[in-house]
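Colleague: Below is the structure, and that's it, no one-letter string:
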């Protein structure tokens, strides 16, 4: 575009030069020519002036257009300004992070709970004391591991001295041991001989409350009294041999919350085995 502007300037200069040469050629070399020119009417001079005026106006307009085009076009080697790029005029706000005098904005401190191990900021609180558990007698602690069913099986397993045994449960238990079902027990096992003529019997109970031990003993004693009878009529054992055994070979013994009734020839040996469970 700049070369184009230079070409237009050269063309304008040539036009002006030609116009100047034309004016020189019109100068008269002799007085006759001068006289002829002087005799020209005024109207001819006006027409010449009017004819030369458009050329001057055209030249002026051409110069103005060249200047405008030169102003619109960028200089060689320069890049057009990026509209997205902000002008660096030094008027942008200063970066607070790069200014030495700028102070960082402080946020209000958030309330933080101390870590589990950091207790310096909090007053020590006494640990809640748990109520002391009631002391359990050593005898009851050891007795909790006693399995009454296993003990009864080991005792009555001797077929030479014990007959075949039958468990007593449900209505039969309420009939022969009235009141026993109403007592809270952890273990309750009653067995009697399948043949009534033998009369052997064993009852083993572990109560939940130690206050019920005496009630179980009373129930067991009532069972003995019924089997033996009052002497005026035969008791529940009926036969003389079983009745005599219930009268002389029946035992009631307790250890802690455990109570046993045994009616058997050689009952003292069974009592020793029972007590050995709590030794």
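Modeller: Alright, I've got the coordinates. Note that the structure is predicted; figures quoted are calculated from it, not measured.
Colleague: Contact partners for the closest residue to residue 208 other than its chain neighbours?
Modeller: Leaving out its chain neighbours, the residue that sits closest to residue 208 by Cβ to Cβ, 6 or more residues apart in numbering is residue 184, at 4.3 Å. For the C-beta atoms, the positions are set from N, CA and C on the backbone; glycine is no exception. Neighbouring residues of residue 184 by Cβ atoms under 8 Å, 6 or more residues apart in numbering: 207-209, 212.
Colleague: From residue 196, how far out is residue 184?
Modeller: Residue 184 sits 31 Å away from residue 196, going by Cβ to Cβ, to the nearest Å.
Colleague: sorry, back to before: and the gap between the residue nearest to residue 208 and residue 205?
Modeller: Distance from residue 184 to residue 205, by Cβ to Cβ: 11 Å.
Colleague: Show me the common contact partners of these two, please.
Modeller: By Cβ under 8 Å, 6+ apart, no residue touches both residue 184 and residue 205.
Colleague: Show me where this protein has its helices.
Modeller: 2-25, 31-38, 42-72, 138-143, 148-156, 170-176, 213-228, 240-248, 267-276 (DSSP state H).
Colleague: returning to that earlier point: what are the phi and psi values at the residue nearest to residue 208?
Modeller: phi -70, psi 120 (degrees, to the nearest 10).
Colleague: switch to numbering from 50
Modeller: Yep, numbering from 50; the last one is residue 233 now.
Colleague: Residue 324: what's it in contact with?
Modeller: By Cβ under 8 Å, 6+ apart, the neighbours of residue 324 are 302, 304.
Colleague: wait, isn't residue 295 in contact with residue 310?
Modeller: No: if you go by Cβ atoms under 8 Å, residue 295 and residue 310 don't touch, sitting 10.5 Å apart.
Colleague: Residues that sit against both of the two, list them.
Modeller: residue 273.
Colleague: Give the pairing partners of the top strand by length along the chain; include direction for each.
Modeller: Counting by DSSP state E, the longest strand found in the chain is strand 234-242. Note on strand 234-242: by DSSP bridges, its sheet partners are strand 214-216 (antiparallel), strand 250-256 (antiparallel).
Colleague: any chance of these in a markdown table, with mean pLDDT too?
Modeller: Compiled in a markdown table, the strands paired with strand 234-242 are given as follows (pLDDT from 0 to 100):
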| stretch | mean pLDDT |
| --- | --- |
| strand 214-216 | 96 |
| strand 250-256 | 98 |
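Colleague: And the ones you listed: which comes nearest residue 67?
Modeller: Nearest to residue 67 among the strands paired with strand 234-242 is strand 250-256; the distance by Cβ to Cβ comes to 144.4 Å.
Colleague: Which residue is the nearest non-sequential neighbour of residue 299?
Modeller: Using Cβ to Cβ, 6+ apart, the closest residue to residue 299 is residue 312 (4.2 Å).
Colleague: what about that neighbour, neighbour count?
Modeller: 27 (other Cβ atoms under 10 Å).
Colleague: Quick one: residues contacting it.
Modeller: Contacts of residue 312 by Cβ under 8 Å, 6+ apart are 248-251, 273, 276, 294-295, 298-299.
Colleague: just checking, residue 290 touches residue 248?
Modeller: Yes: between residue 290 and residue 248 a contact is recorded at 7.2 Å, counting by Cβ under 8 Å.
Colleague: Tell me which of the two has more neighbours.
Modeller: residue 248 (25 against 12).
Colleague: I figured the more buried one was touching residue 212, is that so?
Modeller: No: between residue 248 and residue 212 there is no contact under Cβ under 8 Å: 9.2 Å.
Colleague: who touches both of those two?
Modeller: Contacts common to residue 248 and residue 212, judged by Cβ under 8 Å, 6+ apart, are residue 242.
Colleague: about what we covered before: tell me the spacing between the residue nearest to residue 299 and residue 198.
Modeller: With Cβ to Cβ as the criterion, residue 312 and residue 198 are 19 Å apart.
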